[in-house]
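Trainee: Quick one, structure for this:
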Amino acid sequence: MEAVVAIVALIFLLFVTLGIYATVKVVGAAKRGVDRTVAQARRTVEDSTLKAKTFAQPGSLGQLAQLRLSLRTSMRATQDALQAGVGEDESLKESLALFDRLSAHGHELDGELKRLEREPDRARLAERLPGLRERTEQITKSADALRWAARDRAQRFNGDDLESLSTQIDMEAGALRHWTTEPSPTRTTGPAAGSAGGSSAGPSAGSSSRPATESSSAPPWPEAPSAAADQQTWPDNAEARRAEEPTQAAIDAPRQRAAYPWEKKPRPESTT
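Mentor: Predicted coordinates for the structure are as follows:
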């Protein structure tokens, strides 16, 4: 009885532990989803604010907003491109590591530009704008180079795959149309067509000069002798044939059938 109670308690504890673990995982996933949604919403609001400042605030503040907007747009596009391609191409991991190092400089510059938006000294701000613009262009140029290199690599792989697929399809189409590409078989005449002797006399020489249709068909029937040949062979046709044929009687005599001992003799007809 005690063993049964212990087993039931152990099973209950196991279910409770699994329930707690599942709850923690679900809560963590929900929290990450909420954080992702909040970050995306905050980023959208900040981008919209920067676009508004670019058109609404002329001078140094408008230029600062334009620098921040271009920096954030370039870095976000590069990050999305590399993270999307690293799952298919393992060689992008090194590029992603370089981008992480570049992102540190980008976040530092974005924070500096954000602090300068509250700078009351406009003259000092105007003096630092050329240096800030140069740093922004350097970072965005590097990010754009990584992004376009990753896209060109993916496009090249897709092009190579498409070219290989087209070649295989052409080969398969040629195999399916094999009846149009097979050469017609060459018919040889005579058994000694490829012999080493190379003699042109005899039947092989005569058969090699005949057309292919004659050699492939059945042997021809002998032609009927012509009139000249008939005259040369037979000196006088009608008279010679009558002279050579034996004389036969007009009516042959009736032949008597042989009698066998087991046959009965016919009885004479009675006259009475």
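
Trainee: Quick one: low-confidence residue ranges for the chain.
Mentor: Applying pLDDT under 70 to the chain flags the ranges 180-272.

Trainee: how does it divide into domains?
Mentor: 1-56, 58-174 (automatic domain parsing).

Trainee: Mean neighbour count, those domains: which tops it?
Mentor: Greatest average neighbour count among the domains of the chain goes to domain 58-174 (a mean of 14), per mean count of other CB atoms under 10 Å. For every residue, glycine as well, the C-beta is placed using N, CA and C.

Trainee: My guess is Lys114 contacts Arg68. True?
Mentor: Yes: with contact defined as CB atoms under 8 Å, Lys114 reaches Arg68; the gap is 6.9 Å.

Trainee: The strand or helix carrying Leu67 - contacts with which helices or strands?
Mentor: In the assignment (DSSP states H and E), Leu67 maps to helix 60-85. Helix 60-85 sits against helix 2-56, helix 92-116, helix 122-176, with contacts defined as 3 or more CB pairs under 8 Å, 6 or more residues apart in numbering; DSSP states H and E.

Trainee: Quick check: the gap between Pro58 and Ala65.
Mentor: 11 Å (CB to CB, to the nearest Å).

Trainee: Over to His107?
Mentor: As defined by CB to CB, His107 lies at a distance of 17 Å from Ala65.

Trainee: before we move on, back to that, export the helices and strands packed on helix 60-85 to CSV and tack on distance to Thr73?
Mentor: Shown next, in CSV, are the helices and strands packed on helix 60-85 (distance: least, CB to CB, whole Å):
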stretch, distance to Thr73
helix 2-56, 8
helix 92-116, 11
helix 122-176, 9
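
Trainee: Arg76 is nearest to which of these?
Mentor: helix 2-56 (7.9 Å; CB to CB).

Trainee: which helices and strands does that closest one pack with?
Mentor: Against helix 2-56 (3+ CB pairs under 8 Å, 6+ apart) you get helix 60-85.

Trainee: tell me the angle the helix it packs on makes with helix 2-56.
Mentor: Calculated by axes from the mean of the first three to the mean of the last three CA atoms, to 10 degrees, helix 60-85 forms an angle of 140 degrees with helix 2-56.

Trainee: tell me the angle helix 60-85 makes with helix 122-176.
Mentor: Using the same axes, to 10 degrees, helix 60-85 lies at 30 degrees relative to helix 122-176.

Trainee: Which of the helices and strands packed on helix 60-85 sits closest to Asp80?
Mentor: Here helix 122-176 is closest among the helices and strands packed on helix 60-85 (CB to CB), at 8.8 Å.

Trainee: Could you list every helix and strand in contact with that closest one?
Mentor: Judged by 3+ CB pairs under 8 Å, 6+ apart, the packing partners of helix 122-176 are helix 60-85, helix 92-116.

Trainee: orientation of it relative to helix 92-116 in degrees?
Mentor: Angle of helix 122-176 versus helix 92-116, following the same axes, to 10 degrees, is 160 degrees.

Trainee: Start at 16, not 1
Mentor: That works, and once the first residue is 16, the last one we named lands at helix 137-191.

Trainee: What separation do you get for the nearest residue to Leu97 once chain neighbours are set aside and Phe27?
Mentor: The shortest distance from Leu97 to any non-neighbouring residue, by CB to CB, 6 or more residues apart in numbering, is to Leu111 (4.8 Å). Separation of Leu111 from Phe27 (CB to CB): 47 Å.

Trainee: show me what contacts Arg91?
Mentor: Arg58 (CB atoms under 8 Å, 6 or more residues apart in numbering).

Trainee: try it again with 10 Å
Mentor: Arg58, Asp62, Gly121, Ala158 (CB atoms under 10 Å, 6 or more residues apart in numbering).

Trainee: Nearest residue to the last one in space, please, no chain neighbours.
Mentor: Of all residues beyond its chain neighbours, the one nearest Ala158 is Thr93 (4.2 Å), with distances taken as CB to CB, 6+ apart.

Trainee: residue contacts, the one you found?
Mentor: 110-111, 114, 117-118, 121, 155, 157-163, 165.
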